[in-house]
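K.L.:
return a 3D structure for these sequence lines:
(one chain, ligands or ions: 1)
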Amino acid sequence: MTQDELKKAAAWAALEFVKENTIVGVGTGSTVNHFIDALGTVKDTITGAVSSSEASTARLQALGIEVFELNDVDSLDVYVDGADEINAHNEMIKGGGAALTREKIVAAVAKQFVCIVDDTKLVDTLGDFPLPVEVIPMARSYVARELLKLGGDPVYRQGVVTDNGNVILDVHNLSISNAKQLETQINSIVGVVTNGLFAMRGADKVIIGTKNGPQIK
Ligand SMILES: O=C[C@H](O)[C@H](O)[C@H](O)COP(=O)(O)O
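P.N.:
Numbers count the residues shown, from 1 in each chain. You can find the predicted model right below:
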């Protein structure tokens, strides 16, 4: 099976966590795109979706799924999203597609975070994937200097502007032994909007696409 087929298998398996007559929290990325396709097949049984990016919103609406503003929704039963890396504690690096901040906000509202990944995303230690940090544009150089002090090598993601009008620094060469601590530490740098560590609020369930079929843990 190709990596994309593994992503698709994990994404479709997430339908089992979607309850009738609810609003579903929807993440961003190539794995989630398969989930949106799956959601399209049950669109008449759900109330709609809250989206974590302009890209996912466009895809949901193209399938005729109503997209609600998060501010108009009190709670979400489930949030389904992919990850760039995930460890055995269900802590993740996300933001490869620059959608990390809205993803973290929608995830915070959801009762359950279901992470959908192919098995190449499983790691022992987070940090091989460069950690995305969303930064207010005028703070970019200052934040980069502070990230250097933490032992990382920040690289400006040229040409990328987030849905919130900000920029991304990708921090290379981090070997992350305490993800919760680093998440908090980076978020406390002035000018950082948020970083792509999802450790304080990790995944509750993980669906892994494997060649033997989707595994849920
Ligand atoms: O900003 C993007 C998101 O965090 C994605 O969920 C993450 O990058 C995984 O994306 P993909 O499913 O395309 O590997």
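
K.L.:
each with direction, which strands does the lengthiest strand in the chain pair with?
P.N.:
Identified as the longest strand of the chain according to DSSP state E is strand 110-118. The strands beside strand 110-118 in its sheet (DSSP bridges) come out as strand 76-81 (parallel), strand 205-210 (parallel).

K.L.:
for the ligand, what are the nearby residues on the protein?
P.N.:
Counting by C-beta under 6 Å from any ligand atom, the chain comes close to the ligand at 27-31, 81-84, 94-100, 103. Every residue, glycine included, has its C-beta placed from N, CA and C.

K.L.:
residue boundaries of the strands in the chain?
P.N.:
Taking DSSP E as the test, the strands found in the chain are 23-26, 48-51, 67-68, 76-81, 85-86, 92-93, 110-118, 131-135, 153-156, 167-172, 192-195, 197-198, 205-210, 213-216.

K.L.:
what does the first one rub up against?
P.N.:
So that's strand 23-26. Under the contact criterion C-beta atoms under 8 Å, 6 or more residues apart in numbering, strand 23-26 has outside partners 18, 32, 35-36, 39, 46-52, 56, 60, 68, 73, 76-81, 106-107, 109-110.

K.L.:
equivalent analysis for the second one, please.
P.N.:
Contacts made with strand 48-51 from outside it, assessed by C-beta under 8 Å, 6+ apart, are listed as 23-26, 39, 57, 60, 65-70, 73, 76, 106, 109.

K.L.:
looking only at pLDDT, what's the mean for it?
P.N.:
The average pLDDT within strand 48-51 is 98.

K.L.:
just the CA trace of it, in CSV.
P.N.:
Included here for strand 48-51 are C-alpha records, laid out as CSV according to Å, rounded to 0.1, in the frame of the first residue of the first chain:
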residue,chain,number,x,y,z
GLY,A,48,-22.2,20.3,10.0
ALA,A,49,-18.5,21.1,10.7
VAL,A,50,-16.2,23.5,12.3
SER,A,51,-13.1,23.9,10.3
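
K.L.:
run the chain-centre distance for it.
P.N.:
Relative to its parent chain, strand 48-51 has a centroid offset of 15 Å by C-alpha atoms, centre = their mean, to the nearest Å.

K.L.:
start at 5 instead
P.N.:
Fine by me, first position is 5 from now on; the one you just mentioned is strand 52-55.

K.L.:
can I get the strands paired with strand 114-122 in TSV with mean neighbour count, mean pLDDT and distance to Ala17?
P.N.:
Putting those into TSV (neighbours: other C-beta atoms under 10 Å; pLDDT from 0 to 100; distance: least, C-beta to C-beta, whole Å) gives the following:
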stretch	mean neighbour count	mean pLDDT	distance to Ala17
strand 80-85	24	98	10
strand 209-214	21	98	5
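
K.L.:
ok, and the closest non-adjacent residue to Gly44?
P.N.:
When the adjacent residues along the chain are set aside, Gly44 lies closest to Leu67, with 3.8 Å between them (C-beta to C-beta, 6 or more residues apart in numbering).

K.L.:
touching, Ala114 and Tyr83? I think so.
P.N.:
Yes: counting by C-beta atoms under 8 Å, Ala114 touches Tyr83, with 3.5 Å between them.
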